[in-house]
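>>> Build me a structure from this.
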Amino acid sequence: MTDAPLDLKISVQIPDDYVDALESYFYECDPNPWVLIQKTAADPYYLSGYFNQEEECTQAIDALKKNFPELDLSFDKEKLIATEWQNAYKQYVKPWNDRLLHWVPLWAKDTYSVPEGGIPVYVDAGMAFGTGCHETTQLCASRLLDFYLSNPPKDSITMVDAGCGFGILALSARALGFQSIRGFDNDPDAIQVCHDLLKHNPTLSPIDFSVDDLISGLPEDSIDFLMANIQTNILIPFAEPIIKSLHASAHLILSGILTKELETLKLHYLETFNHLRPNATIHIDSKEKGEWSDLKIEIIACESKKII
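Just a heads-up that it's a prediction; the model follows:
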């Protein structure tokens, strides 16, 4: 027997057609105790929640029932030793890659073989900050790689990962060779995880991670490449400081956007650009992954206004 404190795990099988809606709901939960698990593509989805106290569990279930009243939430419950609870998610998190970048969980470091020419980024944020493989992160990482493959001057580009979470995008930018990188988040625990992960990536030089928000973390006219994987309800009210932080020629990558919200966000940013930078040429496009979208805005310095 052990004297380690016990924690609670609950789980229930979920119909496939609820997965997207649940992922959207969980993305906006802070903190998020829920994990959707599918062992293989042929297996059903299970919804699991991990809690320190019964009261937390009850409150989370009540909130879930309020948002999904038609869903059968007859959870199975079990007690976990604290160390089991902390490691329970690991069996479901696998390495993933996009072209030359490979994101490898720390516990797979000795078993995952990065192919020749591949660049590893070792990650483990724990359950509190996700696994880094969410569609919104993948969209941002893809944009970062697109930019890298366009052969920009990596030693002079100023990059910022706004709302960086555990820093996966900033770490990826450093792994690709970009020199001037900052990452910030308003959660001190997230920033601590960023610093911890840097230690697990010893080939990467230090990155300036700080506790800041979308005002203090974005000085005006200071950024060449800005990534903000946040949420639409945050990106819209902070459009002005985000745009003001960009250099005359810059790339803005916004993610955390439900596809159904994309048009609203796009129109808002176009209006804000028109107000703040009436003489800029703007190139806009977006990509989709699942039910999520990104928005890329490239600002090209010129005399006359043009939207491409």
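>>> where does the stretch 151-300 of the chain dip in pLDDT?
Regions of the stretch 151-300 of the chain meeting the criterion pLDDT under 70 are absent.
>>> Strands of that one, start to end?
Along the stretch 151-300 of the chain, the segments classed as strands by DSSP state E, counting those that start in this stretch run 158-162, 180-185, 208-211, 223-229, 246-258, 281-285, 288-289, 292-300.
>>> Would you reformat those strands as JSON lines and include mean neighbour count?
Backbone N, C-alpha and C define where each C-beta goes, glycine included. Compiled in JSON lines, these are given as follows (neighbours: other CB atoms under 10 Å):
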{"stretch": "strand 158-162", "mean neighbour count": "25"}
{"stretch": "strand 180-185", "mean neighbour count": "24"}
{"stretch": "strand 208-211", "mean neighbour count": "16"}
{"stretch": "strand 223-229", "mean neighbour count": "24"}
{"stretch": "strand 246-258", "mean neighbour count": "22"}
{"stretch": "strand 281-285", "mean neighbour count": "15"}
{"stretch": "strand 288-289", "mean neighbour count": "14"}
{"stretch": "strand 292-300", "mean neighbour count": "21"}
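>>> As JSON lines, those with distance to residue 172 would be great.
Listed next are these as JSON lines, based on distance: least, CB to CB, whole Å:
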{"stretch": "strand 158-162", "distance to residue 172": "9"}
{"stretch": "strand 180-185", "distance to residue 172": "10"}
{"stretch": "strand 208-211", "distance to residue 172": "14"}
{"stretch": "strand 223-229", "distance to residue 172": "10"}
{"stretch": "strand 246-258", "distance to residue 172": "12"}
{"stretch": "strand 281-285", "distance to residue 172": "21"}
{"stretch": "strand 288-289", "distance to residue 172": "17"}
{"stretch": "strand 292-300", "distance to residue 172": "15"}
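>>> my read: residue 182 touches residue 206, true?
No - counting by CB atoms under 8 Å, residue 182 stays clear of residue 206, with 11.3 Å between them.
>>> ok, which stretches of this structure are helices?
19-27, 54-67, 82-87, 135-149, 168-175, 188-199, 232-235, 239-244, 262-276 (DSSP state H).
>>> Determine how far the shortest one lies from the middle of the whole chain.
Okay, so that is helix 232-235. In this view, helix 232-235 has its centroid 14 Å away from the chain centroid, taken as CA atoms, centre = their mean, to the nearest Å.
>>> who touches that helix?
163, 214, 228, 242, 254, 256-258, 261, 264-265 (CB atoms under 8 Å, 6 or more residues apart in numbering).
>>> Recalculate using a threshold of 6 Å.
254, 257, 261, 265 (CB atoms under 6 Å, 6 or more residues apart in numbering).
>>> Now do the contacts for the third one.
Residues counted as contacts of residue 261 (CB under 6 Å, 6+ apart) are residue 232.
>>> rerun at 10 Å
231-233, 235-236, 292-293 (CB atoms under 10 Å, 6 or more residues apart in numbering).
>>> Please check these and keep the buried ones.
231-232, 235, 292-293 (16 or more other CB atoms under 10 Å).
>>> In terms of distance to residue 156, which of those residues ranks first?
Distance to residue 156 across the buried ones among the contacts of residue 261 (CB to CB) is lowest for residue 235, with 27.1 Å.
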